[in-house]
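> give me coordinates for this.
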Amino acid sequence: MPALPLVATHPLAAADAAATDPAASGPSVAGPLLWGLTLAAVLALVLLDFLLTRRPHRVSMREAAGWSAFYIALPLAFGAWIWSRFGSQTGLEYYTGYLVEKSLSVDNLFVFMLVLAGFAVPRELQQRVLLIGVVGALVLRGVFIALGAQMLAHFDWTFLLFGLVLLATGVKLLRDALRGSGHGVDTANLRSVRLLRRLLPVTDSYEGPRMTVRRGGRRALTPLALVTVAILGTDIVFAIDSVPAVYGITGDPYLVFATNAFALLGLRALYFVLEGALSKLVHLGYGLAAILGFIGVKLVLHWAHGTWPAVPTVPTLASLGVIVGVLALVTVTSLVASRRAATAGEAGQAVRERQLQR
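The predicted structure follows:
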């Protein structure tokens, strides 16, 4: 990405700025060949997933755990190559960006879980719906990444805009978490779903992986088409949040795309691994609100630093420490809170049983 107007133009000054603030970094590490290979690899993995889900079946824990391990090991290994090939600063940006995107992708899973439940998707069809959601998210984020790169290259106030978007999102997540409504999804009242019901009839039952069928000489939608549209609608919302978040870590569009792609590709399998554990992460909303708020402040500071050089910026290593610390804290507090709730529930049940016995 070309140097931005708010970055020092002297080579040594630019190098120092990039070391302390990745949003000020220079051209992308990826040339046409690396971009082409990466896009081909992502496409191959998506096609592989479609082949694996072509026949609807229930996903076993062993299958889900195996693919989840693969999709975690792959980006970690790729990050090691990035580190060795392009240096520690680039490697640190990649790993920090990947951690942010993976954290936000877990939030995606919460919403996916509620949408699947709201439409009563048969378990054997769930992985196909999840895969469609992943592909939609990849396409939408690719568009947002390209737009963001152009805006960052030509308008220095883009950092301020992205920062304000993340701050607003962080405040919303915090308010939702405080109200206990962080992941509510009213599938019946989604505008896209209501529009489809007005345009075409909808069958009462699923017809395997088919989106449409013929009923009485007319083309009718199956519930699978409705849940697909609902999932794609949520993808738009998450793309608006996730792309500015990772641009707060690195200004390289290639690293932004790679971290997004790797975070999304493993969601299908990760869903079935974490399906039971997701409900126990009761404080995740607070953690994501803190992370997005922190990155929002980081972007605003970067914009202000270009106008007033005395304003400090946040280095990548400090960002990584904050993100890891927040995620570790909310994970521990979530598990403790869930355990206490379970203990209280068991104690309450025991009291009710004793009362009935009397």
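
> list the contacts of T169.
Counting by Cβ atoms under 8 Å, 6 or more residues apart in numbering, T169 touches 241, 292, 296. The C-beta positions use only the backbone N, C-alpha and C, and glycine is treated the same way.

> again, 6 Å this time
Neighbour list for T169: 241, 292 [criterion: Cβ atoms under 6 Å, 6 or more residues apart in numbering].

> tell me which element it falls in.
helix 158-179 (DSSP states H and E).

> check which element follows that helix along the chain.
With elements assigned by DSSP H and E, the helix or strand that comes after helix 158-179 is helix 191-199.

> can you tell me the closest non-neighbouring residue to M211?
Among residues not flanking M211 along the chain, A225 sits closest, at 4.3 Å (Cβ to Cβ, 6 or more residues apart in numbering).

> what about that neighbour, distance to T53?
17 Å (Cβ to Cβ, to the nearest Å).

> quick check: mean pLDDT across stretch 294-314?
For stretch 294-314, mean pLDDT is 83.

> which parts of that stretch are buried?
294-306, 313-314 (16 or more other Cβ atoms under 10 Å).

> got it, and stretch 232-246?
For stretch 232-246, a neighbour-count test (16+ other Cβ under 10 Å) marks 232-235, 238-239, 241-246 as buried.

> SS state for the residue nearest to M211?
With DSSP: H, G, I helix; E, B strand; the rest coil as the basis, A225 sits in helix.

> can you check V59 too?
The three-state label given to V59 by three-state DSSP is coil.

> now the strands for the stretch 201-350 of the chain?
Remark: strands assigned in the stretch 201-350 of the chain by DSSP state E, counting those that start in this stretch are 212-215, 218-221.

> using a markdown table, lay out those strands together with mean neighbour count, distance to L166 and mean pLDDT.
Converted to a markdown table, these look like this (neighbours: other Cβ atoms under 10 Å; distance: least, Cβ to Cβ, whole Å; pLDDT from 0 to 100):
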| stretch | mean neighbour count | distance to L166 | mean pLDDT |
| --- | --- | --- | --- |
| strand 212-215 | 12 | 39 | 83 |
| strand 218-221 | 14 | 36 | 83 |
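
> and those as a markdown table, adding distance to Y94?
Formatted as a markdown table, these follow (distance: least, Cβ to Cβ, whole Å):
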| stretch | distance to Y94 |
| --- | --- |
| strand 212-215 | 42 |
| strand 218-221 | 41 |
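
> what are the buried residues along the helix or strand where V134 lies?
According to DSSP H and E, V134 maps onto helix 123-154. By neighbour count with 16+ other Cβ under 10 Å, helix 123-154 contains the buried residues 124-138, 140-142, 144-145, 148-149, 151-153.

> and stretch 51-65, by the same measure?
So, applying 16+ other Cβ under 10 Å, buried residues of stretch 51-65: 52-53, 59, 63-64.

> in a markdown table, list those residues along with pLDDT.
Conversion of those to a markdown table gives the following (pLDDT from 0 to 100):
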| residue | pLDDT |
| --- | --- |
| L52 | 77 |
| T53 | 75 |
| V59 | 75 |
| E63 | 81 |
| A64 | 80 |
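
> among these, which are in helices?
Counted as lying in helices by DSSP state H, out of the buried residues of stretch 51-65, are 52, 63-64.

> ok, those vs R197, which is closest?
Distance to R197, by Cβ to Cβ, is smallest for L52 among those, at 31.4 Å.

> all helices of the protein, in order?
Using DSSP H, the helices of the chain run over 11-20, 32-52, 61-86, 88-118, 123-154, 158-179, 191-199, 223-247, 253-265, 267-274, 284-307, 316-357.

> out of these, which is the most enclosed?
Of the helices of the chain, the one with the most neighbours on average (mean count of other Cβ atoms under 10 Å) is helix 253-265, at a mean of 26.

> what is it packed up against?
With contacts taken as 3 or more Cβ pairs under 6 Å, 6 or more residues apart in numbering; DSSP states H and E, helix 253-265 sits against helix 88-118, helix 123-154.

> circling back to that earlier point, can you tell me which of the buried residues of stretch 294-314 is nearest A341?
F294 (28.2 Å).

> and the closest one, what does it touch?
V322.

> any idea how far it is from A245?
The spacing between F294 and A245, counted by Cβ to Cβ, is 10 Å.

> over to V322?
Distance, V322 to A245, using Cβ to Cβ: 13 Å.

> cool, Y71 as well?
As judged by Cβ to Cβ, Y71 and A245 stand 20 Å apart.

> do the same with F159
According to Cβ to Cβ, F159 and A245 sit 13 Å apart.

> then L317?
18 Å.

> likewise R268?
In terms of Cβ to Cβ, R268 sits 22 Å off from A245.

> go on, L104?
7 Å.

> and what of L37?
For L37, the distance to A245 - Cβ to Cβ - is 26 Å.

> and if you look at V42?
Per Cβ to Cβ, V42 is found 20 Å from A245.

> so where's the stretch 251-358 of the chain uncertain?
For the stretch 251-358 of the chain, the stretches with pLDDT under 70 are 275-279, 345-351, 353, 355-358.

> if we use 80, what do you get?
For the stretch 251-358 of the chain, the stretches flagged by pLDDT under 80 are 268, 271-282, 284, 305-306, 316-317, 319-320, 338, 341-358.

> how close does A310 sit to S338?
Taken as Cβ to Cβ, the span from A310 to S338 is 46 Å.

> ah, wrong one, I meant L299
Separation of L299 from S338 (Cβ to Cβ) stands at 33 Å.

> likewise for F262?
In terms of Cβ to Cβ, F262 sits 29 Å off from S338.

> with T96 instead?
T96 sits 28 Å away from S338, going by Cβ to Cβ.
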